[in-house]
Structure formats: structure tokens, C-alpha cells
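Student: Quick one, structure for this:
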Amino acid sequence: MTLTPQQVKDLGYDPTDPGAVLRKAIPANSKGDSGHFDGSGDIKTPKKRLRQSGKPLLNELEKSWRNVLIASGHKVLEQAITLRLDPPFKRYRPDLAYQLHGTLVLVECKGHHRFREKGIARVALAAKTYPMFRFELVERNGVDWKISAMTP
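Tutor: This is a model prediction of the structure:
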């Protein structure tokens, strides 16, 4: 819809300010979807952003440990928490989280791969930065699980 300057004036806006109608039409608190004005008189609302990857959040090792925790009666969160870290890392997102005796336990599952050392260093820094949480490093050797508590 395109308005003429006279129509804008009739609505009570200043016709010399081209954004007056647009500012009135789009409230400031519109959940971040403020849209944009392309000059044609129409308000274009951006499309909803999609997740970049369609892959599942957890790999097979993480799913296996999650199933062990669920079978033992824990309610498990999958990659639901992000912690800010000091350099050289910016953030840490544990694979799993659950509550044990009133303490939040953050779990990192590691297999044998080339990025292993960096992931362990990130967990160690998170354990030092956030001593109020319990951090566990879970490894799988064949059919056996090895659980290590990361202490600050």
C-alpha cells in the first residue's frame, strides 16, 4: 500500500518524514522482527531463521550415555546449557546435564578422535571457572564406561 503525502498528512503525520508511518505501523517491541521498508510502501517482515544443520544434536556415544542416565532415573537435558569461558575459549556447551543430590552435573562425552584434547581442556577450564557445578568426563572403552570427575 502506498500513501500519498496528502493521505499521510490526513492521518496526522508529517509528510516530510518518510519513516513516520513506518514507525507507527511497527511497534518497537515486536519481538525483534522489526521488518524493513523497501521504498515501495510495503513493510517486509524477515523470514524465520532456520537451524543451519539438520543433524541431530547428539552423536551415538552421547545418546548411549544419555540412555544409561535415563535408565537410572535421571531427567537429562541435551546441550541445553551454555557457559561463558575465559580465553582461549569463548563458551562451553556440555553434551548432557542432570541433577544429582541437588547439584547440577554437566557431562562431556569423549571418544577417541583427534579433537579430544581441546574438548578436555575446555571442560577443565569450565570446571575451574564454575566450581558450583560438578563436571564429569565420560569415556567409552568398548562396552565399559569410564567416568572421571573434573575438579578445579
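Student: how about stretch 139-152: buried residues?
Tutor: 139-140, 150 (16 or more other Cβ atoms under 10 Å). C-beta: built from backbone N, CA, C; applies to glycine.
Student: Which of those sits closest to Ser64?
Tutor: Checking the buried residues of stretch 139-152 against Ser64 with Cβ to Cβ, the nearest one is Arg140 at 7.1 Å.
Student: For that closest one, name its beta-bridge partners.
Tutor: Trp145 (DSSP bridges).
Student: can you offset everything so residue one is 36?
Tutor: In the new count, where the first residue is 36, that last one comes out as Arg175.
Student: Report the contact partners of it.
Tutor: Contacts for Arg175 (Cβ atoms under 8 Å, 6 or more residues apart in numbering) come out as 96, 99-100, 144, 146, 181.
Student: Sort out for me which of the residues you listed are in helices.
Tutor: Members of those lying in helices (criterion: DSSP state H): 96, 99-100.
Student: Quick check: PyMOL command selecting the buried ones in the residues you listed.
Tutor: The PyMOL command for the buried members of the ones in helices among the contacts of Arg175 (criterion: 16+ other Cβ under 10 Å) is given here:
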select buried, resi 96+100
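Student: Let me have the ones in helices among the contacts of Arg175 in a markdown table, extended by pLDDT and distance to Tyr165.
Tutor: Shown next, in a markdown table, are the ones in helices among the contacts of Arg175 (pLDDT from 0 to 100; distance: Cβ to Cβ, whole Å):
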| residue | pLDDT | distance to Tyr165 |
| --- | --- | --- |
| Leu96 | 90 | 24 |
| Ser99 | 92 | 26 |
| Trp100 | 93 | 21 |
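Student: one step back: in the contacts of Arg175, find the pair that's most separated.
Tutor: Across the contacts of Arg175 (Cβ to Cβ), the longest gap, 13.3 Å, separates Ser99 and Lys181.
Student: And the helices in this protein, which stretches?
Tutor: Using DSSP H, helices in the chain cover 40-45, 55-60, 95-106, 151-164.
Student: I'd like the distance between Ala115 and Gln41.
Tutor: 55 Å (Cβ to Cβ, to the nearest Å).
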